[in-house]
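1. turn this into a model:
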Amino acid sequence: MLPNQAKKLRVLVVDDSSFMRMVIRSVLEKDPAIEVIGVAVDGIEGVEKALALKPDLITMDIEMPRLDGISALKQIMAKAPTRVLMVSTLTCEGAKATFDALDAGAIDYIPKNVTDSIDAQKTFKEELLRKVKGSAGSILGRSMASTVPPSRIVVPPRPTVAPRPAGQRYQYVGIGASTGGPVAVQEVLGRIPGNFPHGIVVAIHMPKAFTGPYAERLNTKCSLQVKEAKAGDIIQPGVVLVTPGGMHTALVRQGSTVAVRTIATAEHPQYIYVPSVDHMLTTFADACNGSLLGVILTGMGADGFKGMKHLKTRGGGTIVQDEATSTIYGMPRACIEGGVADSVLPLTQIGPEITKVAG
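-> From the prediction side, this is the model:
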């Protein structure tokens, strides 16, 4: 728990738009557990107020005069590390800047989608409140490498597991993540060699405008080929498909191959998070008859647990990121406490373990 969280979560709002400052402040102050302790109109003032007020969390716009949000973030992280949520425009440029900010230490981002649409405004307000309150539970200064010895645990109750012939390796890999995921997924994939003989699918909670640029970014930083998935794509060895934002992705059997099927969110209103990790893993496990290694990384909530549970009933294997290296431990914790984690590993060991188990 944060030192001030027993009272109120103290938030600093940094944005050059008076309209956005008003919207963010209005949404946050309606929650009795949150107090907006100040606002700043640009990066320079944001740094000054961050140092003076010592907020629990900062919402930070990216494009601002005098000093942009990423530069301000770097100064804050160097002088007084603080939880920072970036407020990002839903554009390709906004996506690239957001990923730079996450690399620089931001906890998460909030897509700026305040238009004349009542639905868009409602979504932005709900997302803002959810991420501000969820990120308050994150711990700064997490290392990718844990000092705690990796554990292999079996936590009851476990689902009935279909037997798998001794020595048989998994033929596919499915990875799910949320908050902290963009950096974590990059770390995992960066440790898998380019000649990896199996296909990988990544589902990470992102808006539609972000998944394409994210896949392009990963493609430049990893030995594997990475691209955004499209309907009809076939899962291929050594290729990573990032499920597209704004919709759900299912994997389906297509002859002797496994193919991508995209699905409108309206078809599965039970899934809160988009793209759904649960849906991706569940359909993937069925499409490959259980020959799937499921991996759950950092993220708030419990998306992925039901998919991992189903995967285990089909005879698949599972890896979960440990608490010490997770930005938010929600998704990994759900899998561990639900008894569906075969291996619990620090972030730097997950890529090598995938290569070993499925290679």
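2. can you count the residues close to the residue nearest to residue 314 when sequence neighbours are not counted?
-> Of all residues not flanking residue 314 in the chain, residue 290 sits nearest, at 3.2 Å (CB to CB, 6 or more residues apart in numbering). (Each C-beta comes from the backbone N, C-alpha and C, glycine too.) Using other CB atoms under 10 Å, residue 290 has 22 other residues around it.
3. hmm, residue 316 and residue 290 touching each other?
-> Yes - the criterion here is CB atoms under 8 Å, and residue 290 meets it with residue 316 at 5.0 Å.
4. what segments of the stretch 1-150 of the chain are strands?
-> Secondary structure of the stretch 1-150 of the chain by DSSP state E, counting those that start in this stretch: the strands cover 9-14, 34-40, 57-61, 83-89, 108-112.
5. now the first one - C-alpha only, PDB.
-> If I follow you right, that is strand 9-14. The C-alpha atoms that make up strand 9-14 are tabulated as PDB, following Å, rounded to 0.1, in the frame of the first residue of the first chain:
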ATOM      1  CA  LEU A   9      -4.400   8.800  -3.600                       C
ATOM      2  CA  ARG A  10      -2.600  12.100  -4.400                       C
ATOM      3  CA  VAL A  11      -2.500  12.800  -8.100                       C
ATOM      4  CA  LEU A  12      -0.800  15.600 -10.100                       C
ATOM      5  CA  VAL A  13      -2.300  16.300 -13.600                       C
ATOM      6  CA  VAL A  14       0.200  17.600 -16.200                       C
END
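6. scan this structure for its longest helix.
-> For the chain, the helix that runs over the most residues, judged by DSSP state H, is helix 118-135.
7. now do that one: distance to the chain's middle.
-> Distance, stretch centre to chain centre, for helix 118-135: 16 Å (CA atoms, centre = their mean, to the nearest Å).
8. who does the helix or strand following it pair up with?
-> Moving toward the C-terminus from helix 118-135, the first helix or strand encountered (DSSP states H and E) is strand 172-177. According to DSSP bridges, strand 172-177 forms sheet pairs with strand 199-204 (parallel), strand 292-296 (parallel).
9. out of the ones you listed, nearest to residue 124?
-> When those are compared by CB to CB, strand 199-204 sits nearest residue 124, at 19.6 Å.
10. run through who's touching that closest one.
-> Here strand 199-204 makes contact (CB atoms under 8 Å, 6 or more residues apart in numbering) with 172-178, 181-182, 185, 189, 192, 211, 214, 224, 229, 235-243, 249, 251, 258, 260, 275-277, 280-281, 284.
11. now intersect these with the strands, please.
-> 172-177, 239-242, 249, 251, 258, 260 (DSSP state E).
12. can you say which of the contacts of strand 199-204 are buried?
-> Taking 16 or more other CB atoms under 10 Å as the criterion, what is buried in those is 172-178, 181-182, 185, 189, 192, 211, 214, 224, 229, 235, 238-243, 249, 251, 258, 260, 275-277, 280-281, 284.
13. now the longest helix of the chain and strand 9-14, what's the angle there?
-> Relative orientation of helix 118-135 and strand 9-14, computed by axes from the mean of the first three to the mean of the last three CA atoms, to 10 degrees: 130 degrees.
14. might you report the residue contacts of the most centrally placed residue in the chain?
-> The centre of the chain sits closest to residue 178, judged by CA atoms, centre = their mean, with a distance of 2.0 Å. Each residue near residue 178 by CB under 8 Å, 6+ apart is listed here: 204, 205, 273, 277, 298, 299, 300, 301, 303, 328, 330, 331.
15. distance check, the first one against residue 295.
-> When distances are taken as CB to CB, to the nearest Å, residue 204 and residue 295 turn out to be 12 Å apart.
16. cool, and residue 25?
-> Per CB to CB, residue 25 is found 39 Å from residue 295.
17. who's more crowded, these two?
-> It is residue 295, of residue 25 and residue 295, that has more neighbours when counted by other CB under 10 Å, with 30 against 18.
18. the more buried one contacts residue 349, correct?
-> No - using CB under 8 Å as the test, residue 295 is too far from residue 349 to be in contact (11.8 Å).
19. of all the strands paired with strand 172-177, which one is nearest residue 64?
-> strand 199-204 (26.9 Å).
20. got the CA coordinates for that closest one in PDB?
-> Extracted as PDB, the C-alpha positions of strand 199-204 are listed here (Å, rounded to 0.1, in the frame of the first residue of the first chain):
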ATOM      1  CA  GLY A 199       4.800 -19.700 -34.000                       C
ATOM      2  CA  ILE A 200       4.000 -17.300 -31.200                       C
ATOM      3  CA  VAL A 201       0.800 -15.200 -30.700                       C
ATOM      4  CA  VAL A 202       0.800 -12.200 -28.300                       C
ATOM      5  CA  ALA A 203      -2.400 -10.700 -26.900                       C
ATOM      6  CA  ILE A 204      -1.800  -7.400 -25.000                       C
END
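21. in the stretch 151-300 of the chain, which ranges drop under the pLDDT threshold?
-> Across the stretch 151-300 of the chain, the ranges flagged by pLDDT under 70 are 151-168.
22. now with 50?
-> Counting by pLDDT under 50, the ranges of the stretch 151-300 of the chain that qualify are 151-165.
23. partner residues bridging residue 40?
-> With DSSP bridges as the rule, residue 40 is bridged to residue 14.
24. isn't it right up against residue 14?
-> Yes - assessed by CB under 8 Å, residue 40 is found in contact with residue 14 at 4.4 Å.
25. the more surrounded of the two?
-> The residue with more neighbours, out of residue 40 and residue 14, is residue 14; 30 against 24, by other CB under 10 Å.
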